[in-house]
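A.B. asks: kindly generate the corresponding structure for this input.
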Amino acid sequence: MNDPETIVVRTGTANLASVLAAMERLGAPARTSNDPADVQQASHVILPGVGSFGAAMECLDADGLVAPLRARLTAGLPTMGICLGMQLLFAGSDETPGTPGLGIIPGRLTRFTGDLRIPQMGWNHITAPETCSVLESGYVYFANSYRATDVPPDWSGAIADHGGPFVAGVERGAIVGCQFHPELSASFGLKLMRRWLSKGGHSC
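C.D. replies: Reported below is the predicted structural model:
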């Protein structure tokens, strides 16, 4: 039996090549799309992103993707948000005040403050509790200026430190958000993506 296909959403602000390359290394069928029907019907959806919160939400709205993304997230269907894609799961971000996110997670993102390198660029350690089934403790690659400071209620989350603790990842069932880039995090990141894919029937 062939593995189900993963849809990688074209947010207009993402480097899709690295995500598709990671899926190819895993032997998992994947393609990009901004078709609402694909997002509704796909076994797995990856919501990647780099750049501006507001620009990404504007692109999703223009393509009619906000409602189908919210519907699959509410239903708990396998969905992974990467970097900005994870931030879009929240209600909003100080990066673009007044622009609502997908809102599956309450709260908003704030910018790193203090005498720090901003954006955070490079490898950092995350610590995940035993309640996580996809996220694990280890070193991963980050590129972010904004962050969540608290793991939301009813979610499990991994924590990292950059001038203080922040949320490195969240998961609830088959929904996973990675503030880091698993597709750029070597074998550790590929194993994480494989665990997420297995939640919907992939055999990779």
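A.B. asks: so where do the helices sit in the chain?
C.D. replies: 16-26, 36-41, 53-62, 66-75, 84-87, 186-198 (DSSP state H).
A.B. asks: got these as CSV, with mean neighbour count, mean pLDDT and distance to V8 columns?
C.D. replies: All C-beta atoms are positioned from the backbone trio N, CA, C, and that covers glycine. Listed next are the helices of the chain as CSV, based on neighbours: other Cβ atoms under 10 Å; pLDDT from 0 to 100; distance: least, Cβ to Cβ, whole Å:
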stretch, mean neighbour count, mean pLDDT, distance to V8
helix 16-26, 17, 96, 5
helix 36-41, 16, 96, 10
helix 53-62, 19, 95, 14
helix 66-75, 16, 97, 13
helix 84-87, 27, 96, 10
helix 186-198, 19, 98, 12
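A.B. asks: which among these is found nearest to I175?
C.D. replies: helix 66-75 (6.1 Å; Cβ to Cβ).
A.B. asks: alpha carbons of the closest one, as PDB, please.
C.D. replies: Coordinates of each C-alpha in helix 66-75 appear next as PDB, following Å, rounded to 0.1, in the frame of the first residue of the first chain:
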ATOM      1  CA  VAL A  66      -7.600  30.000   6.800                       C
ATOM      2  CA  ALA A  67     -10.900  28.100   7.300                       C
ATOM      3  CA  PRO A  68      -9.700  24.700   6.100                       C
ATOM      4  CA  LEU A  69      -6.600  24.900   8.200                       C
ATOM      5  CA  ARG A  70      -8.600  25.900  11.300                       C
ATOM      6  CA  ALA A  71     -11.000  23.000  10.500                       C
ATOM      7  CA  ARG A  72      -8.300  20.400  10.400                       C
ATOM      8  CA  LEU A  73      -6.600  21.700  13.400                       C
ATOM      9  CA  THR A  74      -9.800  21.700  15.400                       C
ATOM     10  CA  ALA A  75     -10.400  18.100  14.200                       C
END
